[in-house]
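**Q** model this:
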Amino acid sequence: MSLKYTMEVMELLDDPKANGKMVVDLFMEFSHIKASYQTVTGESGSTDFIQIVVKGLEGKSAGGHAPSLGIVGRLGGLGARPSRIGFVSDGDGAAAAITVALKLSQMAEKGDRLLGDVYITTHICPNAPTMPHEPVDFMGSPVDIFTMNQYEVLPEMEAVLSIDTTKGNKVINHRGIALSPTVKEGYVLKFSDELIRIMEMTTGELPVTFAVTTQDITPYGNDVFHINSILQPAVTTDAPVVGLAITAKTAVPGCGTGASHEVDVAQAVRFCIEVAKEFTRGEIQFYDEAEFQQLLNLYGSMKKLQTLGSAAK
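**A** The predicted structure follows:
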């Protein structure tokens, strides 16, 4: 099911001419779907930001009250041309997000519509730059992280799943997918039991999680180490954010080609779809609201961690 659409999307994106129009055209024939793109130019080139809205039966876009979920496909680029030929490992986040949108669109067309809206965002760049990083090189991006957040993290998103290839490290020694704890307004909260349950159900395996450091939830540009950009959406929204990492047993560079595994991307897709079903019905939450309020009462706001801090001065 999800694997079929994953393969279609990855084949589409593995193209030096991949662009926003090619992606948006996938959704032109569907009802209840709004897809658009916008080209944005940065210091190192340009990229096409994609926004897809899968409208729910009782979603806010239709005047309803069902919760809205955000799914962000986070990456630097789909390719590192001309230095490397082909689809890079870093592109898995975009492939997963677009596949989620395609599968949900097919479901809606057949009559299986979700209750609430799902907002899916990512960007398309087949020739992004690379950048040095330990233990392996990262993919760069034509635009900075603040521009990405501006186009990819929307105010309509009441909770966010951020999908990102997270293979360029020696911390997560597992091939497949892994979950982060929930991050909200500078706080790293406990893992969501409900998301872990869905992970167990969709993978058929014990849940795999990964640790998050304070550095990881601060904005890029403050000269501290970040595992990658998976939790950068959390610096620009008050909504709870959970990272969904696509992982490997070995340290794989983001600019590595031939390193994407369709079955792993499809695993991320299945997880996101099941989360979307339950979240938009109001059956699950990404965090405990009462406990978060207790943290605020005891320790105050941690929103400074969503900023560049004193560096901003």
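
**Q** Grab the nearest non-local neighbour of Gly56.
**A** The shortest distance from Gly56 to any non-neighbouring residue, by C-beta to C-beta, 6 or more residues apart in numbering, is to Gly116 (4.2 Å). Using the backbone N, CA and C atoms, a C-beta is placed for each residue, glycine as well.

**Q** Next, give phi and psi for the one you found.
**A** Main-chain torsions, Gly116, degrees, to the nearest 10: phi -110, psi 170.

**Q** close enough to count as contact, it and Val54?
**A** No - applying C-beta atoms under 8 Å as the test, Gly116 and Val54 come out as separate, 9.5 Å apart.

**Q** which one of these two has more residues nearby?
**A** Legend: neighbour count by other C-beta atoms under 10 Å for Gly116 and Val54, higher for Val54 (31 against 27).

**Q** Now do the same contact list for the more buried one.
**A** 32-33, 101, 104-105, 108, 114, 117-118, 120 (C-beta atoms under 8 Å, 6 or more residues apart in numbering).

**Q** Low-confidence stretches in the chain?
**A** 136-137, 311-313 (pLDDT under 70).

**Q** quick one, helices of it?
**A** 2-13, 20-25, 92-110, 145-152, 193-203, 262-280, 289-299 (DSSP state H).

**Q** Deepest-packed of those helices, please.
**A** helix 92-110 (a mean of 25; mean count of other C-beta atoms under 10 Å).

**Q** picking that back up, among the contacts of Val54, which one lies nearest to Ala18?
**A** Nearest to Ala18 among those: Ala101, at 15.7 Å, using C-beta to C-beta.

**Q** Distance of the closest one relative to Val269?
**A** Distance, Ala101 to Val269, by C-beta to C-beta, to the nearest Å: 10 Å.

**Q** Closest one of the contacts of Val54 to Tyr287?
**A** Ranked by distance to Tyr287 (C-beta to C-beta), the contacts of Val54 are led by Val118 at 19.1 Å.

**Q** doesn't Leu104 make contact with the closest one?
**A** Yes - in this structure, Val118 is within contact of Leu104 by C-beta under 8 Å, at 6.1 Å.

**Q** end to end, how far does stretch 14-28 reach?
**A** 21 Å (C-alpha to C-alpha, to the nearest Å).

**Q** Please enumerate the strands of the stretch 51-200 of the chain.
**A** 69-74, 118-124, 130-131, 138-139, 159-165, 176-184, 187-188 (DSSP state E, counting those that start in this stretch).

**Q** Pull up the distance across stretch 226-246, start to finish.
**A** End to end - C-alpha to C-alpha - stretch 226-246 spans 16 Å.

**Q** Now Gly79: closest residue in space that isn't a chain neighbour?
**A** Pro126 (4.2 Å).

**Q** Tell me who's in contact with the one you found.
**A** 13, 15-19, 77-79, 81.

**Q** Buried subset of those residues as a PyMOL selection?
**A** The buried subset of the contacts of Pro126, as determined by 16 or more other C-beta atoms under 10 Å, is captured in PyMOL by this line:
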select buried, resi 13+18+19+77+78+79
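
**Q** Nearest to Gly256 among the contacts of Pro126?
**A** Closest to Gly256, out of all of those and judged by C-beta to C-beta, is Gly79, at 11.5 Å.

**Q** from memory the closest one sits against Pro129, does it?
**A** No - here Gly79 does not reach Pro129: they are 10.9 Å apart, not a contact under C-beta under 8 Å.

**Q** what's next to stretch 139-148, contact-wise?
**A** For stretch 139-148, contacts defined as C-beta under 8 Å, 6+ apart pick out 40-47, 74-77, 80, 88, 90, 123, 125, 128-131, 219-221, 229, 232, 236, 254-255.

**Q** thinking again about what came up before, quick one: common contacting residues for Val118 and Leu104?
**A** In contact with both Val118 and Leu104: 54, 276, using C-beta under 8 Å, 6+ apart.

**Q** on that earlier part again, how about JSON lines for the helices of the chain, with distance to Ala245 added?
**A** Listed next are those as JSON lines, based on distance: least, C-beta to C-beta, whole Å:
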{"stretch": "helix 2-13", "distance to Ala245": "17"}
{"stretch": "helix 20-25", "distance to Ala245": "23"}
{"stretch": "helix 92-110", "distance to Ala245": "9"}
{"stretch": "helix 145-152", "distance to Ala245": "17"}
{"stretch": "helix 193-203", "distance to Ala245": "11"}
{"stretch": "helix 262-280", "distance to Ala245": "9"}
{"stretch": "helix 289-299", "distance to Ala245": "23"}
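
**Q** Thanks a lot, see you next time.
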